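# Give me a model of this one.
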Amino acid sequence: MKTKTKLIHGGMPSDPLTGAVSVPIYQVSTYKQEGIGGHKGFEYSRTGNPTRQALEALIRDLENGTAGFAFGSGMAAITAVMMLFNSGDHVVLTDDVYGGTYRVISKVLNRFGIDSTFVDTSALENIEGAIRENTKAIYLETPTNPLLKVTDIKEVAAIAKKHKLLTIVDNTFSTPYWQNPIDLGADIVLHSATKYLGGHSDVVAGLVVVNSVQLASDLHFVQNSTGGILGPQDSWLLMRGIKTLGVRMEEHEVNTAGIVKFLSEHQAVKKVFYPGLETHPNHDIAKRQGRGFGGMVSFDVGSEENANKLLSKLKYFTLAESLGAVESLISVPAKMTHASIPSERRAELGITDGLVRISVGLEDLEDLIEDLTQALK
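So this is what the prediction gives:
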């Protein structure tokens, strides 16, 4: 089954009870039992809900995994995955991760004795050098947020297997339409489904897919025990958004290619970060492990003052956190999505105060370029 078909017909495309072609919103907390333990597959909606189950089956199929899990946010999904580890365990992570990921790892989970090391995973030797006796996993974000660095998933998975570690990949930017980490050897795939999978700025959600029955059992135990589940209304909204993921991602990419070309030629732009550029350090890896380069682009205008001037003049780019929606969104990571990262750490990573990140939407490309042209003057 091709990906666009799988978006429509994957998982549970209709309700098994009624035949409804849109799985209903089962707004229910508990389920009648004919006798003790005599339920029809559902006992309590924290443990399982038919609407959420349909979504979890869909993302499982889209990522070619063993089981899927839906959480109340991307951060809830990341936290649940990290709860697979024990006090004293160590995880190696990509340095240029989303600020919320850095925060939960370094400010919350460290309190429970889960240790971490952040390295530039696009250089494989950095990973090998960071592995310790107590290391249990390698956590990748590729492409990264916001510098769009690319890590070779297949090579990292080989390193992980050699050391008997798990490979975890945040696939939010690429989505399963462009990239399937499990096919490349990853064990766990994460999504902030709030972004491209939902696609309409109307739902907050997180999704996880695992590649084994044991990981499925372990993660379901965490999900049920801690209860950070996605509700049925949001599960339904997310399934509706996923149906159009293919056509949206293709249009995002067309618009992004046009904007990247414009920015790369503009004298007010110091540098453009986009995996689709042949000058990108790991362009060949991005091309090999994915089917597209995505709709995210970052560029540096030289200073915070220039960034503020740009933002004040734009009409069609909405100043807002988040990404992956039908409308074009723009942000300054150092002051918004990555403000939780200390300034000295941002400087080390290259997240400058003049760095601007765009999530390219589905507006007419000509309008978007005209807007950027007048704002950059």
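# list the helices and strands the host helix or strand of residue 307 packs on?
Element membership for residue 307, per DSSP states H and E: helix 304-313. Here helix 304-313 touches strand 355-359, helix 365-376, going by 3 or more CB pairs under 8 Å, 6 or more residues apart in numbering; DSSP states H and E. Using the backbone N, CA and C atoms, a C-beta is placed for each residue, glycine as well.
# Could you export the ones you listed as CSV, including distance to residue 147, mean pLDDT and mean neighbour count?
Below are the helices and strands packed on helix 304-313 laid out as CSV (distance: least, CB to CB, whole Å; pLDDT from 0 to 100; neighbours: other CB atoms under 10 Å):
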stretch, distance to residue 147, mean pLDDT, mean neighbour count
strand 355-359, 8, 97, 25
helix 365-376, 20, 98, 16
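# could those go into JSON lines alongside distance to residue 234?
What follows is the helices and strands packed on helix 304-313, written out as JSON lines (distance: least, CB to CB, whole Å):
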{"stretch": "strand 355-359", "distance to residue 234": "20"}
{"stretch": "helix 365-376", "distance to residue 234": "29"}
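# So what's the predicted local confidence for the most centrally placed residue in the chain?
The centroid of the chain falls nearest to residue 172 when counting by CA atoms, centre = their mean (1.8 Å). Here, the pLDDT recorded for residue 172 equals 98.
# what do you get for residue 349?
On pLDDT, residue 349 comes in at 85.
# picking up where we left off before, the residue nearest to the centre of the chain touches residue 192, doesn't it?
Yes - under the criterion of CB atoms under 8 Å, residue 172 makes contact with residue 192 at 4.6 Å.
# shared neighbours of the two, which are they?
Counting by CB atoms under 8 Å, 6 or more residues apart in numbering, the contacts common to residue 172 and residue 192 are 74, 98.
# Out of the helices and strands packed on helix 304-313, which gets nearest to residue 302?
Closest to residue 302 of the helices and strands packed on helix 304-313, according to CB to CB: strand 355-359, at 9.8 Å.
# helices or strands next to that closest one in the packing?
strand 296-300, helix 304-313, strand 329-331.
# angle of that strand against helix 365-376?
Between strand 355-359 and helix 365-376, the angle comes out at 160 degrees (axes from the mean of the first three to the mean of the last three CA atoms, to 10 degrees).
# chain center to strand 355-359, what's the gap?
Averaging C-alpha positions (CA atoms, centre = their mean, to the nearest Å) puts strand 355-359 16 Å from its chain's average.
# Helices of the stretch 201-350 of the chain, residue ranges please.
Shown for the stretch 201-350 of the chain, the helices assigned by DSSP state H, counting those that start in this stretch span residues 213-226, 232-243, 245-264, 283-289, 304-313, 343-349.
# before we move on, back to that, can you confirm the residue nearest to the centre of the chain is in a helix?
No - counting by DSSP: H, G, I helix; E, B strand; the rest coil, residue 172 falls outside a helix, being coil.
# Name the nearest residue to residue 69, ignoring sequence neighbours.
residue 208 (4.5 Å; CB to CB, 6 or more residues apart in numbering).
# Contact partners for the nearest residue to residue 31 once chain neighbours are set aside?
Using CB to CB, 6+ apart and skipping residues adjacent in sequence, the residue nearest residue 31 is residue 42, 4.6 Å away. Taking CB under 8 Å, 6+ apart, we find residue 42 in contact with 31, 48, 49, 50.
# how much space between the third one and residue 230?
In this structure, residue 49 and residue 230 are 9 Å apart, going by CB to CB, to the nearest Å.
# can you check the last one too?
Remark: distance between residue 50 and residue 230 (CB to CB) = 13 Å.
# got the contact list for residue 87?
Neighbours of residue 87 in contact, by CB under 8 Å, 6+ apart: 112, 113, 114.
# Return the distance of the closest residue to the first one other than its chain neighbours relative to residue 224.
Using CB to CB, 6+ apart and skipping residues adjacent in sequence, the residue nearest residue 112 is residue 87, 5.9 Å away. When distances are taken as CB to CB, residue 87 and residue 224 turn out to be 21 Å apart.
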